[in-house]
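Asks: below are the sequence and a predicted model; questions follow.
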Amino acid sequence: QVQVAESGGGLVQAGGSLRLSCAASGRTFSNYHVGWFRQAPGKEREFVGDMSRSGFNTYYADSVKGRFTISRDKAKIVVYLQMNSLKPEDTAVYYCVAAEDGSTWNDGYWGQGTQVTVSS
């Protein structure tokens, strides 16, 4: 099975950019869809976007569409979440999850999360 770990979070001013990484170990992402979620204090976990296991298809929540981009390296070991034009409301712990075809995100392999804080 795959293990995933997020990195790249930090503190950034509104309007700035960050790139988060989701690194796979044990397996590559070849056979996994990869999703990004976030959870702000006092709020439920929110879907941000995902990439199909082929790497050809991505999908984004309306709240981040046009600002966030998901990509993957050629080795299929790292999936990136490029976040531009950040807003204070993007502040949250960001998680990546790898899920096999046919399984739900809840049944996938989750990382520990990385904190993103956007100051106004």
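Replies: Structure received. Here the structure is a predicted model, which is why all the values come from computation and not from measurement.
Asks: what about the residue positioned nearest the centre of the chain, helix or strand, and which?
Replies: Nearest to the geometric centre of the chain sits Trp36, at 2.9 Å (Cα atoms, centre = their mean). Assigned by DSSP states H and E, Trp36 falls within strand 32-39.
Asks: need the next SSE after that strand, C-terminal direction.
Replies: Where DSSP H and E defines the elements, the next helix or strand beyond strand 32-39 is strand 46-51.
Asks: angle of that next one against strand 32-39?
Replies: Interaxial angle, strand 46-51 versus strand 32-39 (axes from the mean of the first three to the mean of the last three Cα atoms, to 10 degrees): 160 degrees.
Asks: average pLDDT for strand 46-51, rounded please.
Replies: Averaged across strand 46-51, pLDDT comes to 98.
Asks: go through whichever helix or strand comes after it and flag the buried ones.
Replies: Counting by DSSP H and E, the next helix or strand C-terminal to strand 46-51 is strand 58-60. For strand 58-60, burial by neighbour count (16 or more other Cβ atoms under 10 Å) applies to Tyr60. C-beta: built from backbone N, CA, C; applies to glycine.
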